[in-house]
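Chemist: next come a sequence and a model predicted from it.
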Amino acid sequence: MKGLKKQRRVQVIALAGICLMGVLTMLWFLPKDAFQFFRSPSEVLAAPPTEDEYFQLGGLVKDGSMTQVDGVQFSFVVTDGAREVPVTYVGGDPAPDLFSEGQGTIVKGYYVNGTFEASELLAKHDESYMPAEVIDALKEQGVYQAPNG
């Protein structure tokens with residue numbers, strides 16, 4: 001009886017080891033930016049990505065920077081308080097109702113010739129919401145202001 005328990009224990013440990021190696025192998029082959037939530041304008045300008053790299057840019061929409069271009073296409077500037085990146089949104093949908101100047105946003109797309117070409121736009125959920133990553137980046141720059149004063 002003891003031999004059967006020992007054999008079963010060895011089988012379970014071996015199976016767990018094989019599963020662990022499988023997970024580690026999958027993680028090894030993921031793209032290097034697979035776990036990155038977004039980049040701030042300072043990070044993008046310090047180390048510009050290649051034109052074929054799809055990533056997320058996060059920060060505040062600069063006051064007075066929104067300009068309507070054509071229908072659902074418009075442009076604005078995303079800032080982290082220190083640096084700014086011009087953004088052209090060319091999505092198929094109009095901007096969310098809660099998207100406005102001075103508010104936190106994350107845009108997804110490509111950085112081409114000094115302009116971020118966004119295909120997806122994420123806006124805040126309510127008047128005081130801002131993604132935690134955006135808050136952290138703004139705090140690093142020393143420009144974060146709490147929404148309630």
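Modeler: Arrived safely, thanks for sending.
Chemist: all helices of the protein, in order?
Modeler: 2-28, 41-46, 132-141 (DSSP state H).
Chemist: I'd like the ones you listed laid out as a markdown table, including distance to V112, mean pLDDT and mean neighbour count.
Modeler: Yep, even glycine has a C-beta here, placed from its N, CA and C like the rest. Shown next, in a markdown table, are the helices of the chain (distance: least, CB to CB, whole Å; pLDDT from 0 to 100; neighbours: other CB atoms under 10 Å):
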| stretch | distance to V112 | mean pLDDT | mean neighbour count |
| --- | --- | --- | --- |
| helix 2-28 | 30 | 91 | 9 |
| helix 41-46 | 12 | 91 | 18 |
| helix 132-141 | 22 | 76 | 16 |
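Chemist: wait, doesn't Q68 sit right on F76?
Modeler: No. Taking CB atoms under 8 Å as the definition, Q68 is not a contact partner of F76, at 10.2 Å.
Chemist: more neighbours: these two, which one.
Modeler: F76 (23 against 10; other CB atoms under 10 Å).
Chemist: nearest residue to the middle of this structure?
Modeler: The centre of the chain sits closest to F38, judged by CA atoms, centre = their mean, with a distance of 2.6 Å.
Chemist: Y110: neighbour count?
Modeler: Using other CB under 10 Å, Y110 has 16 neighbouring residues.
Chemist: ah, wrong one, I meant P48
Modeler: 11.
Chemist: gap between the closest residue in space to it that isn't next to it in sequence and S100?
Modeler: Among residues not flanking P48 along the chain, Y111 sits closest, at 6.3 Å (CB to CB, 6 or more residues apart in numbering). Distance, Y111 to S100, using CB to CB, to the nearest Å: 23 Å.
Chemist: which one's more surrounded, these two?
Modeler: Neighbour totals were compared for Y111 and S100, and Y111 leads with 21 against 16 (other CB under 10 Å).
Chemist: who's that one bridged to?
Modeler: Y111 has these beta-bridge partners by DSSP bridges: F116.
Chemist: wait, it sits on L45?
Modeler: No. Using CB under 8 Å, Y111 makes no contact with L45, being 9.5 Å away.
Chemist: what sits in contact with each of the two?
Modeler: Residues within reach of Y111 and of L45 at once, by CB atoms under 8 Å, 6 or more residues apart in numbering, are V85.
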